[in-house]
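Student: here you go, sequence then predicted model.
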Amino acid sequence: MRPIIEFCTNNMHHGTDQLMKKLENNPEYDVIEYGCLGNCGECYLFPFALVNGEIVAAASAEELEQQVEQKIKEIEAMFDLFE
């Protein structure tokens, strides 16, 4: 299972650009950047990303990295249940 992690270009001012570049270097992830993800409230207030379509937000880009990794672990655990 390759998680899809999506970033909004308009959210990069929160520091998510560095996180996106870091995650792009992991061959186990599909990382996509969009001009807009349609989550303007989150985009304006917090660093956020979508992980397999679910919003993951945090107070900082560093916390977002931890939250993204946690969400991926949760998703992998769910897939393990069905194998």
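Tutor: That came through, no problem. Numbering: from 1, shown residues only.
Student: what does the helix or strand harbouring residue 42 contact?
Tutor: Per DSSP states H and E, residue 42 falls inside helix 40-45. For helix 40-45, contacts defined as C-beta atoms under 8 Å, 6 or more residues apart in numbering pick out 8, 10-11, 37, 48, 55, 57. In short, each C-beta sits where N, CA and C put it, glycine included.
Student: pull out the buried residues from that helix.
Tutor: 42-43 (16 or more other C-beta atoms under 10 Å).
Student: now that helix, how far from the chain's geometric center?
Tutor: Helix 40-45 has its C-alpha centroid displaced from the chain centroid by 14 Å (C-alpha atoms, centre = their mean, to the nearest Å).
Student: got a winner among the contacts of helix 40-45 for most neighbours?
Tutor: residue 11 (28 neighbours; other C-beta atoms under 10 Å).
Student: distance of the most centrally placed residue in the chain relative to residue 8?
Tutor: By C-alpha atoms, centre = their mean, the chain has its centre lying nearest to residue 49, at 3.4 Å. Using C-beta to C-beta, to the nearest Å, residue 49 is found at 8 Å from residue 8.
Student: before we move on, what SS does residue 7 have?
Tutor: Look at residue 7: counting by DSSP: H, G, I helix; E, B strand; the rest coil, its state is strand.
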